[in-house]
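Engineer: need coordinates for the following:
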Amino acid sequence: MADKAISQQDFDDASAALKQAEADINYYKATVESARINLNYARVVSPISGRIGTSTVTDGAIVTAYQPAPLAAIQQLDPIYVDVPQSATELLRLQKRLEAGQLRSDGTNASKVRLVLSDGSTYPLEGTLQFRDISVDPTTASVILRMIFPNPRGVLLPGMFVRGVLQEGVNEQAILIPQQTVARDTKGNPVVLVVDTDAKVQQRQIVVERAVGNQWLVTSGLAPGELVIAEGMQKVRPGAVVKQVPFDGGGKPAGEPSTKTAQTASASN
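Structural biologist: From the prediction side, this is the model:
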């Protein structure tokens, strides 16, 4: 039988001290790992690439997870989404005209869109229509069209005012005339002065649908090729014989679907 060099109490104390030391080691290892995890939280990585705005907190400020105020806002710029409102009334009018055959649906270019910037210039890159919202905003009576555009040079910025040009239908019989050719009669109806084949002036009542740039889209009252007086209107009256002079008041805005226009002319006695 081996001799016991120490008492049982001393052995138990040493064994307990060893276990306590091992427990302390595991505790401090866990503390180091927890500190490492917390340190990783100090480096916030954005889930998207883009351009960061002004920070809402300063160095050394205390922040917490799920706080209501974001540290900063990051905007994805390439590609960039563009939301354009479309009047619900205009949408209904478009659908009715397509169903009635007044417009031909352009399936090839239906999803292609262009942008006109706030300075009037056209954005050089073409975008794609992603979807049309299914609900109407009751405050604006409009639906949202979501478009996506490539933006490699960062020309388009969040909050920028732009106008979207979307070709949803083509009217091959549409007539465009300069806005200055249209006057109003005593009842407020739009009228124009037309020159007939005998060079005589006739007043013609027309129906205009909407403005297209600096021109009116005429739905009835004019036929393709008819001469409409654009200058010298105050000098002539219906029935007068006039001399026709070609008028150059600018062409049709780019991208409009119409294929026919009424001719315009200056008139003088």
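
Engineer: run through the residues that contact the closest residue to Phe161 other than its chain neighbours.
Structural biologist: Leaving out its chain neighbours, the residue that sits closest to Phe161 by CB to CB, 6 or more residues apart in numbering is Ser118, at 4.8 Å. From N, CA and C alone the C-beta is placed, and that goes for glycine too. The contact partners of Ser118, taken as CB atoms under 8 Å, 6 or more residues apart in numbering, are Met160, Phe161, Val162.

Engineer: top of those residues by neighbour count?
Structural biologist: Val162 (16 neighbours; other CB atoms under 10 Å).

Engineer: let me see the ranges of the helices in the stretch 51-200 of the chain.
Structural biologist: With DSSP state H, counting those that start in this stretch, the ranges of helices along the stretch 51-200 of the chain come out as 88-100.

Engineer: restricting to C-alpha, output stretch 116-132 in CSV.
Structural biologist: Output of stretch 116-132 as CSV, limited to C-alpha atoms (Å, rounded to 0.1, in the frame of the first residue of the first chain):
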residue,chain,number,x,y,z
VAL,A,116,-36.1,63.8,-70.1
LEU,A,117,-34.0,65.6,-67.5
SER,A,118,-35.0,68.8,-65.7
ASP,A,119,-32.9,71.0,-68.1
GLY,A,120,-34.8,69.6,-71.0
SER,A,121,-32.1,67.3,-72.3
THR,A,122,-32.7,63.6,-73.0
TYR,A,123,-30.9,61.0,-70.8
PRO,A,124,-28.7,59.1,-73.3
LEU,A,125,-29.3,55.6,-71.9
GLU,A,126,-32.5,53.7,-72.4
GLY,A,127,-34.3,52.1,-69.5
THR,A,128,-36.8,49.3,-69.0
LEU,A,129,-40.3,49.4,-67.5
GLN,A,130,-40.4,47.0,-64.6
PHE,A,131,-44.0,47.1,-63.5
ARG,A,132,-47.1,49.3,-63.1
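
Engineer: and the residue nearest to Phe161, its phi and psi?
Structural biologist: Backbone geometry at Ser118, expressed as degrees, to the nearest 10, gives phi -70, psi -20.

Engineer: give me the phi and psi angles of Ala230.
Structural biologist: According to degrees, to the nearest 10, Ala230 has phi -110, psi -30.

Engineer: sorry, that was for Val182
Structural biologist: Backbone torsions of Val182, given as degrees, to the nearest 10, read phi -100, psi 130.

Engineer: surely it touches Val191?
Structural biologist: Yes - with contacts defined as CB atoms under 8 Å, Val182 counts as touching Val191 at a distance of 7.3 Å.

Engineer: overlap in contacts of these two?
Structural biologist: In contact with both Val182 and Val191: Ile206, using CB under 8 Å, 6+ apart.

Engineer: how near is the residue nearest to Phe161 to Gly154?
Structural biologist: Noted for Ser118: a distance of 16 Å to Gly154, by CB to CB, to the nearest Å.

Engineer: what of Val182?
Structural biologist: 42 Å.

Engineer: between the two, who's got more neighbours?
Structural biologist: A count of neighbours by other CB under 10 Å puts Val182 above the other of Val182 and Gly154, at 18 against 10.

Engineer: give me the below-cutoff pLDDT ranges for the chain.
Structural biologist: In the predicted model, the chain carries pLDDT under 70 at residues 1-5, 94, 97-111, 167-173, 248-269.

Engineer: scan the protein for its longest helix.
Structural biologist: Taking DSSP state H as the criterion, the chain has its longest helix at helix 8-41.

Engineer: quick one, strands of the stretch 151-269 of the chain?
Structural biologist: Applying DSSP state E, counting those that start in this stretch to the stretch 151-269 of the chain gives strands spanning 162-166, 169-170, 175-178, 183-184, 190-195, 201-205, 207-212, 215-220, 227-231, 243-246, 260-261, 263-268.

Engineer: reformat these as JSON lines; add distance to Thr128.
Structural biologist: Below are those laid out as JSON lines (distance: least, CB to CB, whole Å):
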{"stretch": "strand 162-166", "distance to Thr128": "11"}
{"stretch": "strand 169-170", "distance to Thr128": "18"}
{"stretch": "strand 175-178", "distance to Thr128": "28"}
{"stretch": "strand 183-184", "distance to Thr128": "41"}
{"stretch": "strand 190-195", "distance to Thr128": "37"}
{"stretch": "strand 201-205", "distance to Thr128": "42"}
{"stretch": "strand 207-212", "distance to Thr128": "24"}
{"stretch": "strand 215-220", "distance to Thr128": "26"}
{"stretch": "strand 227-231", "distance to Thr128": "38"}
{"stretch": "strand 243-246", "distance to Thr128": "41"}
{"stretch": "strand 260-261", "distance to Thr128": "30"}
{"stretch": "strand 263-268", "distance to Thr128": "37"}
